[in-house]
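Q: Below is the structure, and that's it, no one-letter string:
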């Protein structure tokens with residue numbers, strides 16, 4: 001990556017952070033124009049702010065602590081406007097379903113699975129994460 005490109009990404013990242021979360025997607029669409037790679041780079045920086053919550057949620061799931069995991073994944077979903085195209089949002093729905101299952105909240109589990117499957121409806125149907133979510137829905 002050239003120094004100019006790196007600087008451009010940094011400027012857009014800082015400007016995007018100054019926008020209200022709900023206005024960031026529109027700002028980036030206008031600022032990046034047809035440069036999808038530039039938009040993706042900036043969005044990935046913004047979305048990176050939620051990796052700690054995602055990793056904590058994963059750790060709580062492994063420990064069987066569904067309520068704590070649920071809270072971490074919900075934090076990500078509550079801030080969807082920060083980077084609307086981030087892969088963390090659909091994955092947070094998927095993991096929220098797993099956390100809800102641990103807490104015994106079948107309604108929340110079902111809703112989170114539906115949300116995940118709706119977001120990834122165009123994805124390769126043979127992806128393990130999709131087949132797993134579909135199988136869990138069929139079991140219920």
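A: Yes, it's here. Because the structure is a prediction, the values reported are computed rather than measured. Residues are numbered from 1 along each chain as shown.

Q: In this structure, where is pLDDT below threshold?
A: 81-85, 139-140 (pLDDT under 70).

Q: Show me the helices in it, by range?
A: If DSSP state H is used as the criterion, the helices of the chain fall at 3-18, 24-32, 36-47, 51-62, 66-78, 88-103, 106-119, 128-139.

Q: Tell me which of those helices is the most buried.
A: Each of these was given a mean neighbour count from mean count of other Cβ atoms under 10 Å, and the largest, a mean of 22, is that of helix 88-103. To be clear about C-beta, it is placed using only N, CA and C from the backbone, and glycine gets the same treatment.

Q: Residue 131: what's it in contact with?
A: Contacts of residue 131 were listed using Cβ atoms under 8 Å, 6 or more residues apart in numbering, and they are residue 125.

Q: got it, and residue 115?
A: Residues near residue 115 by Cβ under 8 Å, 6+ apart: residue 93.

Q: which residue sits closest to residue 54, ignoring its sequence neighbours?
A: Spatial nearest neighbour of residue 54, chain neighbours left out: residue 88 (5.7 Å); criterion: Cβ to Cβ, 6 or more residues apart in numbering.

Q: Could you check how far the one you found is from residue 126?
A: Residue 88 sits 22 Å away from residue 126, going by Cβ to Cβ, to the nearest Å.

Q: now swap in residue 20 and tell me
A: Between residue 20 and residue 126 the distance is 39 Å, computed by Cβ to Cβ.

Q: Kindly report the same for residue 111.
A: Between residue 111 and residue 126 the distance, using Cβ to Cβ, works out to 25 Å.

Q: With residue 31 instead?
A: Residue 31 is 36 Å from residue 126, by Cβ to Cβ.

Q: What of residue 22?
A: If you measure residue 22 against residue 126 using Cβ to Cβ, the figure is 35 Å.

Q: what about those two, which has more around it?
A: Comparing residue 22 with residue 126 by other Cβ atoms under 10 Å, the one with more neighbours is residue 22, at 11 against 7.
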